[in-house]
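Enquirer: just a sequence and a predicted model for now, questions to come.
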Amino acid sequence: MSENAPENVLDYLVIGAGPAGLQLGYFLDRAGHDYLLLEAGSAPGTFFETFPRHRTLISVNKVHTGWDDPELNLRMDWNSLLSDDPDLLFTRYTDKFLPDAPVLVRYLADFTAKHALKVRYNTRVERISREDVFVVTDSDGGQYRARQLVVATGVTKPNTPDVPGIELATDYADVSVDPADFTNQRVLVVGKGNSAFETADNLIASAAVVHVGGPSSLRLAWKTHFVGHLRAPNNNILDTYQLKLQHAILDGAIKKIERDEQGYVVTYSFSRANEVIKKLRYDHVILCTGFRFDASIFDESCRPELTINDRFPAQTSSWESVNVPGLYFAGTITQVRDFKKCTSAFIHGFRYGVKALHKMLEERYHGKTWPHTEVAPDVRALTDSVITRINRTSALYQQFGFLADLLVVDEESARYYEEVPVGYFADSDFSQAENAFVITLDYGPDHDKVDPFDITVRRASQDVANDTGEGHYLHPIVRHYQRGELVASHHITENLENEWDRENHVEPLAQFLQKQLPLGV
């Protein structure tokens, strides 16, 4: 019989002891809840023992910021989990700007041990059902029962395109990372994400020809501001393509993969070339087309609805399954709420999402209101509270346009709530306030269509107030809602150093609040 016998029903069962599971475990443990994390591997964060394949993370680890404020430093630290222990910062583990993956594995193990989180390792979940509570069965027949279930497994199943002969290709998870194995050979890398370009970059010196192909347009992170698009450390092959060094980027779709005694024959349909369809020969075809959520462990009593080509579980603004009450999600699988826009797919984004999820769980199941501070209901105090937060917050900085601070004001009081998902505001009682100000950091409209290095493009002045909403770079936006209806917006002008504390930032905000709320000065 499992140690968690049928009569012992947990408050929370979390599947997965990666960064998201550990982050939630930290909050559940600190709140004194009865919880358990189940992990298929023998240690925390075993995903990072294999991925990325070439063992260099693209999550920033900027140790030297010039700041003493730990909250500000988290803006430049994309790997640390949130905790009250100053020793458990990833920046204390390595000085490398792009760290080695094994360092993250060690960090996660230390985080787990130092907080004495309740994790059961070598426990692979085979089946999830639901009776009056969730029943989770592991591969050894052990059972665990919980009132609420949180899945933090990430995306673990290969996202394989539906192409005839695709099974002949080698998957990213299995391909050799030794460039010598591809010496003087022709290689097709399928996909246009970071795993594809990471793989291609590893081969540009040894392979005769490397083609990177896919049906979608290539999107560069430095232009779109989405960190999951192609990052600069992986884009060396773009130089070799544009400088005519044999390697190339192919725009189009694979129609068929065949194999003969000489290698692979790939039928390729080009999107932007005179030859509509062409057969190309390769010695290797490597699939780098990403991963998807594996819903096979759920039986029909609680199988979550899927979305985005069935790659992810569909979720409400509370990260709850849209069709299975009490089933929640944490970590990279929460990216459905800001797909390819913000940072919920990455540690520096979902650590704040998990923190918000915990507050939601506290509200819903334990009768605790969202934490807040009281602010004097006068214009100067309200202005100061907003200016102070936007100049420090890491959560709104990392989860731009997705997380917000809320300022709820009535005639006698004002309450400041931190780090509320914008979607949750719209769906919750918060939106019914007579006066609610939703404060975000966000980019301007069409920001991803502007080349930030084109000096002919006019940028908004940083020296004068600019409330047109046309600034392309990151800047604070304050939106005034009355009982859920947007009645006014105020843009605080952008600043090179992301410091919004000058007169041209402060006074226009005060004037906006005074206009929207005729309070005392």
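Expert: Thanks, I have it. What you are looking at is a predicted structure, and each value in this text was computed from that prediction instead of being measured.
Enquirer: for the rest of this, base every contact and every neighbour count on C-alpha atoms.
Expert: Will do.
Enquirer: how much space between the residue nearest to Val375 when sequence neighbours are not counted and Val212?
Expert: Spatial nearest neighbour of Val375, chain neighbours left out: Ala414 (5.1 Å); criterion: Cα to Cα, 6 or more residues apart in numbering. Distance of Ala414 to Val212, given as Cα to Cα, to the nearest Å: 55 Å.
Enquirer: those two: who's more crowded?
Expert: Neighbour count, other Cα atoms under 10 Å: between Ala414 and Val212, Val212 has more, with 24 against 21.
Enquirer: tell me the secondary structure for that one?
Expert: The three-state label given to Val212 by DSSP: H, G, I helix; E, B strand; the rest coil is strand.
Enquirer: what's the answer for Ser344, then?
Expert: Quick answer, by three-state DSSP: Ser344 is coil.
Enquirer: could you point out the longest helix of this structure?
Expert: Assignment by DSSP state H gives helix 347-366 as the longest helix of the chain.
Enquirer: buried sites along it?
Expert: Across helix 347-366, burial judged by 16 or more other Cα atoms under 10 Å covers 347-362.
Enquirer: how about stretch 92-112?
Expert: The neighbour-count check on stretch 92-112 (16+ other Cα under 10 Å) flags 93, 97, 99-105, 107-109, 111-112 as buried.
Enquirer: ok, stretch 66-82 next?
Expert: Leu72, Asn73, Leu74, Arg75, Met76, Asp77, Trp78, Asn79, Ser80, Leu81, Leu82.
Enquirer: residues touching the fourth one, list them.
Expert: Which is Arg75. Ser394, Ala395, Tyr397, Gln398 (Cα atoms under 8 Å, 6 or more residues apart in numbering).
Enquirer: check the fifth one too.
Expert: Met76 is in contact with Val60, Asn61, Lys62, Val63, Thr65, counting by Cα under 8 Å, 6+ apart.
Enquirer: ok, and the most crowded of these?
Expert: Counting neighbours by other Cα under 10 Å, Asn61 leads the contacts of Met76 with 24 neighbours.
Enquirer: what bridges to the nearest residue to Val175 once chain neighbours are set aside?
Expert: Counting by Cα to Cα, 6+ apart, Ile286 is the residue found nearest to Val175 once chain neighbours are left out, at 7.2 Å. For Ile286, the beta-bridge partners are Thr170, Val189 (DSSP bridges).
Enquirer: Ile286 and Ser129, how far apart?
Expert: Counting by Cα to Cα, the gap from Ile286 to Ser129 is 37 Å.
Enquirer: looking at the two, which is more packed in?
Expert: For Ile286 versus Ser129, neighbours defined as other Cα under 10 Å are more numerous around Ile286 (23 against 18).
Enquirer: how deep is Asp132 tucked in, by neighbour count?
Expert: Asp132 has 9 nearby residues by other Cα under 10 Å.
Enquirer: the one 5 residues further on now?
Expert: Neighbours of Thr137 under the rule other Cα under 10 Å: 20.
Enquirer: now Ala221
Expert: 15.
Enquirer: which residues touch it?
Expert: Val227, Gly228, His229, Leu230, Arg231, Ala232.
Enquirer: now a PyMOL select for only the buried ones of the residues you listed.
Expert: Buried subset of those, written as a PyMOL selection, criterion 16+ other Cα under 10 Å:
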select buried, resi 227+228+229+230+231
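Enquirer: could the contacts of Ala221 be laid out in TSV, adding pLDDT and distance to Ile492?
Expert: Below are these laid out as TSV (pLDDT from 0 to 100; distance: Cα to Cα, whole Å):
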residue	pLDDT	distance to Ile492
Val227	94	24
Gly228	94	27
His229	95	28
Leu230	94	30
Arg231	95	29
Ala232	93	30
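Enquirer: possible to save the contacts of Ala221 as a markdown table with secondary structure and distance to Ile477?
Expert: Formatted as a markdown table, the contacts of Ala221 follow (DSSP: H, G, I helix; E, B strand; the rest coil; distance: Cα to Cα, whole Å):
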| residue | secondary structure | distance to Ile477 |
| --- | --- | --- |
| Val227 | coil | 22 |
| Gly228 | coil | 24 |
| His229 | coil | 25 |
| Leu230 | strand | 28 |
| Arg231 | coil | 27 |
| Ala232 | helix | 29 |
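Enquirer: of all the contacts of Ala221, which comes closest to Ala205?
Expert: Nearest to Ala205, judged by Cα to Cα, of the contacts of Ala221 is Ala232 at 17.9 Å.
Enquirer: residues touching that closest one, list them.
Expert: Ala221, Trp222.
Enquirer: could you check how far it is from Glu258?
Expert: 33 Å.
Enquirer: ditto for Asp410
Expert: Asp410 is 69 Å from Glu258, by Cα to Cα.
Enquirer: between those two, which is the more surrounded one?
Expert: The neighbour count for Asp410 versus Glu258, taken as other Cα under 10 Å, is higher for Glu258 (16 against 13).
Enquirer: for the more buried one, name its beta-bridge partners.
Expert: Val265.
Enquirer: could you measure it against Asp162, distance?
Expert: Per Cα to Cα, Glu258 is found 14 Å from Asp162.
Enquirer: next one: Asp378
Expert: According to Cα to Cα, Asp378 and Asp162 sit 60 Å apart.
Enquirer: and those two? Which one has more around it.
Expert: Legend: neighbour count by other Cα under 10 Å for Asp378 and Asp162, higher for Asp378 (21 against 11).
Enquirer: pretty sure that one contacts Gln516?
Expert: No - with contact defined as Cα atoms under 8 Å, Asp378 does not count as touching Gln516 (11.9 Å).
Enquirer: that older thread, what is the nearest of the buried residues of stretch 66-82 to His33?
Expert: Distances from His33 to the buried residues of stretch 66-82, taken by Cα to Cα, are shortest for Leu82, at 18.2 Å.
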